[in-house]
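[1] How does the following fold in three dimensions:
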Amino acid sequence: MVSALVVSRNAKEDLLRCLKTFFAGADVPVEAIVVDDDSSDGSAAAVTDEFPQATVLVQAKNLGYGRAANIGLERCQGRFVLLLSPDVTLDPQCVGRLADLLLTRPDAGAVGPRVVMPGGRLDPDARRAFPMPRCSTRRWA
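    Numbering: from 1, shown residues only. Model prediction:
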């Protein structure tokens with residue numbers, strides 16, 4: 001099973017779109033854990049209404065991403081955890097492909113998808129090389 005963990009604060013429309021693409025494209029068993037970080041836009045109720053299979057953890061105050069993510073990680077039951085931002089939309093079979101890669105490459109501790117901007121261009125900030133001093137000073141085109 002793959003657990004999707006989404007930390008969200010006042011991003012209802014993005015969050016609903018994210019979860020829709022996550023569940024619609026899942027070709028492996030999945031669960032979604034949403035940590036609502038003190039939203040005032042009705043995000044938690046909207047997720048509960050539209051995605052009853054999702055677990056929503058409502059926080060009474062804004063804990064920040066790190067603390068909220070740790071709370072969500074404690075609830076994840078999947079063998080793999082997919083960290084998602086609410087503004088992410090997933091291509092069909094993305095989750096299954098990432099899980100398959102981890103299953104076939106036991107030497108890999110983490111994987112990441114290709115990040116494509118809304119206009120179809122690759123996101124240069126998402127491309128990383130092996131962390132070496134010379135790589136940290138170079139910008140990918």
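
[2] So what pairs up with the residue nearest the centre of the chain in the strands?
    Centroid-nearest residue in the chain, with CA atoms, centre = their mean: residue 84, separated by 1.3 Å. Beta-bridge pairing for residue 84 (DSSP bridges): residue 6.

[3] again with residue 31
    Beta-bridge partners of residue 31, counted by DSSP bridges, are residue 3.

[4] how much space is there between it and residue 43?
    Residue 31 sits at a distance of 18 Å from residue 43 (criterion: CB to CB, to the nearest Å). Yep, even glycine has a C-beta here, placed from its N, CA and C like the rest.

[5] more crowded one of the two?
    Higher neighbour count among residue 31 and residue 43: residue 43, with 24 against 18, using other CB atoms under 10 Å.

[6] Which parts of this protein are helices?
    Here the chain has its helices, by DSSP state H, at 12-25, 43-50, 65-75, 94-104, 133-136.

[7] What score does residue 135 have for pLDDT?
    pLDDT, residue 135: 54.

[8] do the same with residue 111
    Note for residue 111: predicted pLDDT of 80.

[9] ok, it touching residue 101?
    Yes. Judged on CB atoms under 8 Å, residue 111 makes contact with residue 101 at a distance of 5.2 Å.

[10] Neighbours of residue 91, how many?
    Residues lying near residue 91 (other CB under 10 Å) number 12.

[11] so it makes contact with residue 26?
    No. The pair residue 91 and residue 26 does not pass the contact test of CB under 8 Å, sitting 11.7 Å apart.

[12] Select, out of the helices of the chain, the one closest to residue 115.
    helix 94-104 (11.1 Å; CB to CB).

[13] and the closest one, what does it pack onto?
    When contacts are defined as 3 or more CB pairs under 8 Å, 6 or more residues apart in numbering; DSSP states H and E, helix 94-104 sits against strand 2-8, helix 12-25, strand 80-84.

[14] which residues touch the residue lying closest to residue 69 once chain neighbours are set aside?
    Among residues not flanking residue 69 along the chain, residue 7 sits closest, at 5.3 Å (CB to CB, 6 or more residues apart in numbering). Residue 7 makes contact with 34-35, 37, 65, 68-69, 72, 85 under the criterion CB atoms under 8 Å, 6 or more residues apart in numbering.
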